[in-house]
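Asker: Here is a sequence together with a model predicted from it:
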Amino acid sequence: MIGIGEEGAAGLTADSLACIEQADVLVGGERLLQFFPAFAGEKLTIRSGLGELVAKIKELHATQNVVVLASGDPLFYGIAGYMARKLGPDALDIRPNLSSLQLAFARLGESWQDAVLESVHGRPLQGLAQRIDGKAKIALLTDDKNSPAAIAAYLQHFGMTEYDAFVAENLGSKDERTRRYTLDELAETECSPLNVVILLRRKDAPPARRGFGFADEEFHQRKPEKGLITKREVRVFSLSELCLRDDSVVWDIGAGSGSVAVECTRLASKGQVFAVEKNEGDLANIEANRIKFRTDFTVLHAKAPAGLDGWPDPDAVFIGGSGGELAELIALCASRLRPEGRIVVNAATIETLHDSMKAMQGAGLDASVTLLQTARSKPILNMTRFDGLNPIYVITGRHKTEELTGESGAEERKGQTT
């Protein structure tokens, strides 16, 4: 497998050119194959269906010498990794070229060992905000849909205007062009489809948010006497009970202001977070918090369980409100919950505590409960007193684990000890 740049054959070593000349079969995209019009052997064009392509290459390789052409470094968002897994690494002789990112940073004159690398080539922009927020240097691979202009508009939507952009187009070719842009400029600019975007956070930008458990008053929320929001102390404990990974799939049912969805999205920045809320009046607050905290999660206006069938199976489910469908919701969530997943319910009444425990046990989950009773300091004249918050029950359900019992269990434990 030979990596090739925009300069085509002129950018290859003599050894790589000799490999191509001696090949029986030359495999590659249509654009790359055009660099070798005089090739006398069979040409196999990569269009779609990598599984079928690899099977064909494996069949041809049994009797013929096959060379696969790939853009730049084929191990960087390329097909080499996939082929190595399918054919075995010993079946491939990989000869990388310069990657587009190496060339882009060379044109920019910046080191790139500390850059965050992201690809929106053939992937949705959704989720990019939380993955790059606060990062000083980000390199993005783009495509026709997720163009530099689309990326600029996306960042503007989330208020990420502390970034400037460097765009490198047609790297290595006679049509190469590089330029720095503000986001306003880039949003109005049409670029070549072959480009790399580098985002640079300005040094005078305000400090990025860090940590979790943000103060209640930071969130947009409905405000009667007290905000209708999962209070910070309860939110932090509930997040710990959800046991999120950075790639977790999370459901937030009865999202309210979206405070839990915001925190989950920041913790599971490479995952997916879905929030459902039945009260139309809360949707504006959820959207405002999505933008303020730069958390690009999915919001559904519905009364759960409506709409949940279209979501991927969750690693974690938070139920802050059920609209009277608690038992049905817990049963549904338990049936969809992935192994090692958790369901966390917040309850303000003993009736909801009872119903949650009963529903979790009925769904075959192990259930545990923690009663949180917290208070916050409050000034009184020149002194300080404590103002108690409503007690909240945090109920956690998880799949039951198989326990070793009886003589067979004892024998197995003995074997594990040995």
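Answerer: The structure has been received and is ready for your questions.
Asker: how about Ile395, secondary structure?
Answerer: Classification of Ile395 using DSSP: H, G, I helix; E, B strand; the rest coil returns strand.
Asker: I'd like the numbering to begin with 33 instead of 1 from here.
Answerer: Shifting the count to begin at 33 puts that one at Ile427.
Asker: That one - how many residues pack around it?
Answerer: 24 (other CB atoms under 10 Å). From N, CA and C alone the C-beta is placed, and that goes for glycine too.
Asker: Also the one 3 residues further on?
Answerer: Residue crowding around Arg430 was assessed by other CB under 10 Å; the count is 20.
Asker: ok, now Leu413?
Answerer: Neighbours around Leu413, by other CB under 10 Å: 6.
Asker: Enumerate the strands of the stretch 33-182 of the chain by residue range, in sequence order.
Answerer: For the stretch 33-182 of the chain, strands defined by DSSP state E, counting those that start in this stretch occupy the ranges 34-36, 57-60, 74-77, 98-103, 148-151, 169-173.
Asker: Just say which of these is most tucked in.
Answerer: strand 34-36 (a mean of 24; mean count of other CB atoms under 10 Å).
Asker: Which strands and helices lie in contact with that strand?
Answerer: helix 46-53, strand 98-103 (3 or more CB pairs under 8 Å, 6 or more residues apart in numbering; DSSP states H and E).
Asker: Indicate which one of the ones you listed is closest to Ala380.
Answerer: Closest of the helices and strands packed on strand 34-36 to Ala380 is strand 98-103, at 57.1 Å (criterion: CB to CB).
Asker: Below-threshold pLDDT in the protein: ranges please.
Answerer: 256-259, 354-355, 434-450 (pLDDT under 70).
Asker: domains for it, by residue range?
Answerer: 34-130, 133-233, 248-431 (automatic domain parsing).
Asker: Including distance to Arg242, could these go into CSV?
Answerer: Listed next are those as CSV, based on distance: least, CB to CB, whole Å:
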stretch, distance to Arg242
domain 34-130, 29
domain 133-233, 8
domain 248-431, 10
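Asker: Compare those domains and give me the one nearest Pro239.
Answerer: Closest of the domains of the chain to Pro239 is domain 133-233, at 8.3 Å (criterion: CB to CB).
Asker: gap between the two ends of that closest one?
Answerer: 18 Å (CA to CA, to the nearest Å).
Asker: before we move on, back to that, the strands of the stretch 33-182 of the chain: which one's closest to Glu142?
Answerer: strand 169-173 (7.1 Å).
Asker: Give me the contacts around the closest one.
Answerer: The contact list for strand 169-173, computed with CB atoms under 8 Å, 6 or more residues apart in numbering, reads 109, 132-133, 136-137, 142, 144, 146-153, 164, 183, 195, 228-233.
Asker: Quick check: neighbours of that strand in the sheet, parallel or antiparallel?
Answerer: Strand 169-173 pairs in its sheet with strand 148-151 (parallel), strand 227-233 (antiparallel), by DSSP bridges.
Asker: Run a quick neighbour tally on Asp47.
Answerer: Based on other CB under 10 Å, the number of other residues close to Asp47 is 9.
Asker: what's the distance between it and Gly73?
Answerer: 18 Å (CB to CB, to the nearest Å).
Asker: try Lys255
Answerer: Taking CB to CB, one finds Lys255 at 73 Å from Gly73.
Asker: and these two? which has more neighbours close in?
Answerer: Gly73 (17 against 12).
Asker: Can you give me the distance of the closest residue to the more buried one other than its chain neighbours to Leu76?
Answerer: Spatial nearest neighbour of Gly73, excluding adjacent residues (CB to CB, 6 or more residues apart in numbering): Asp56 at 4.9 Å. Distance check for Asp56 against Leu76: by CB to CB, it reads 11 Å.
Asker: so what sits against both of these two?
Answerer: Residues touching both Asp56 and Leu76 (CB under 8 Å, 6+ apart) are Leu92.
Asker: Now do the helices in the stretch 233-382 of the chain.
Answerer: 264-274, 291-299, 312-324, 358-368, 382-394 (DSSP state H, counting those that start in this stretch).
Asker: a markdown table for those, including mean neighbour count?
Answerer: A markdown table is the format used below for the helices of the stretch 233-382 of the chain (neighbours: other CB atoms under 10 Å):
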| stretch | mean neighbour count |
| --- | --- |
| helix 264-274 | 20 |
| helix 291-299 | 26 |
| helix 312-324 | 17 |
| helix 358-368 | 20 |
| helix 382-394 | 17 |
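Asker: what sits against Gly429?
Answerer: 362, 366, 374-377, 392, 395, 397-399.
Asker: Now, of the residues you listed, which are buried?
Answerer: The neighbour count (16 or more other CB atoms under 10 Å) marks 362, 366, 374-377, 392, 395, 397, 399 as buried among the contacts of Gly429.
Asker: With distance to Glu38 as added columns, please give the residues you listed in TSV.
Answerer: Converted to TSV, the buried ones among the contacts of Gly429 look like this (distance: CB to CB, whole Å):
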residue	distance to Glu38
Ile362	56
Ala366	53
Arg374	49
Ile375	52
Val376	52
Val377	56
Met392	58
Ala395	57
Leu397	56
Ala399	60
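Asker: hang on, the earlier thing: what's the closest of the helices of the stretch 233-382 of the chain to Asp284?
Answerer: From the helices of the stretch 233-382 of the chain, taking CB to CB, the stretch that ends up closest is helix 291-299, at 4.3 Å.
Asker: Helix 264-274 and that closest one, what's the angle between them?
Answerer: 50 degrees (axes from the mean of the first three to the mean of the last three CA atoms, to 10 degrees).
Asker: so how far is helix 291-299 from its chain's centroid?
Answerer: Helix 291-299 sits 13 Å away from the centroid of its parent chain (CA atoms, centre = their mean, to the nearest Å).
Asker: same deal with stretch 182-201?
Answerer: For stretch 182-201, the distance to the chain centre is 18 Å (CA atoms, centre = their mean).
Asker: Give me the buried positions along stretch 55-71.
Answerer: 55, 57-60, 64-65, 67-68.
Asker: Kindly report the same for stretch 331-346.
Answerer: 331-332, 335-337, 340, 343, 346.
Asker: Can you tell me which of these lies closest to Lys410?
Answerer: Val331 (34.3 Å).
Asker: Does the closest one touch Gly290 like I think?
Answerer: Yes: look at Val331 against Gly290 with CB atoms under 8 Å: they come within range, at 7.4 Å.
Asker: Quickly list what's touching both of these two.
Answerer: By CB under 8 Å, 6+ apart, the residues touching both Val331 and Gly290 are 307, 309, 318, 322.
Asker: what sits against His189?
Answerer: His189 neighbours (CB under 8 Å, 6+ apart): Ile323.
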